[in-house]
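Visitor: just need the structure, nothing else, for what follows:
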Amino acid sequence: MNNAKPAIDVKYQASAEIAAISRTLKGVFLMMATILITLSGFANRNLRVLKQLRTQP
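Guide: Coordinates of the predicted model:
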């Protein structure tokens with residue numbers, strides 16, 4: 001009985017580590033996605049403004 005318990009603990013620790021890593025990766029991915037979306041939005045707006053300025057004169 002005593003030999004089986006440490007293996008279960010190790011397995012649980014490993015799965016907890018994997019879950020934590022996946023959670024942090026998911027958070028980083030979401031942050032990167034939001035930053036990219038905001039940057040692309042700014043770029044689109046700036047391009048539109050530049051086109052308007054170019055066509056006005």
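Visitor: so which helix or strand takes in the most centrally placed residue in the chain?
Guide: With distances taken as Cα atoms, centre = their mean, the chain has residue 29 as the residue nearest its mean C-alpha position (1.2 Å). Per DSSP states H and E, residue 29 falls inside helix 4-55.
Visitor: same for that helix, what does it pack against?
Guide: In terms of contacts (3 or more Cβ pairs under 8 Å, 6 or more residues apart in numbering; DSSP states H and E), helix 4-55 is not packed against any helix or strand. For the C-beta atoms, the positions are set from N, CA and C on the backbone; glycine is no exception.
Visitor: now that helix, how far from the chain's geometric center?
Guide: For helix 4-55, the distance between its averaged C-alpha position and the chain's averaged C-alpha position is 1 Å (Cα atoms, centre = their mean, to the nearest Å).
Visitor: ok, the residue nearest to the centre of the chain to residue 43 distance?
Guide: Per Cβ to Cβ, to the nearest Å, residue 29 is found 21 Å from residue 43.
Visitor: count of neighbours near residue 18?
Guide: Residue 18 is flanked by 10 other residues according to other Cβ atoms under 10 Å.
Visitor: mind checking how far it is from residue 24?
Guide: 11 Å.
Visitor: repeat that for residue 52.
Guide: 42 Å.
Visitor: same check, this time on residue 35
Guide: To residue 24, residue 35 is 16 Å away according to Cβ to Cβ.
Visitor: same deal with residue 32?
Guide: For residue 32, the distance to residue 24 - Cβ to Cβ - is 13 Å.
Visitor: and for residue 30?
Guide: Relative to residue 24, residue 30 is positioned 11 Å away (Cβ to Cβ).
Visitor: give the residue spans of the chain that score low on pLDDT.
Guide: Applying pLDDT under 70 to the chain flags residues 1-7, 57.
Visitor: change it to 80
Guide: Counting by pLDDT under 80, the chain shows low-confidence ranges at 1-8, 10, 56-57.
Visitor: next, the buried residues of stretch 40-48.
Guide: By neighbour count, with 16 or more other Cβ atoms under 10 Å as the criterion, stretch 40-48 contains no buried position.
Visitor: render the CA-only coordinates of it in CSV, please.
Guide: C-alpha atoms of stretch 40-48 as CSV (Å, rounded to 0.1, in the frame of the first residue of the first chain):
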residue,chain,number,x,y,z
SER,A,40,-4.6,45.7,-36.4
GLY,A,41,-7.5,48.0,-35.5
PHE,A,42,-5.2,51.0,-35.0
ALA,A,43,-3.4,50.2,-38.2
ASN,A,44,-6.6,50.0,-40.2
ARG,A,45,-7.9,53.3,-38.8
ASN,A,46,-4.5,55.0,-39.5
LEU,A,47,-4.5,53.7,-43.1
ARG,A,48,-8.0,55.0,-43.6
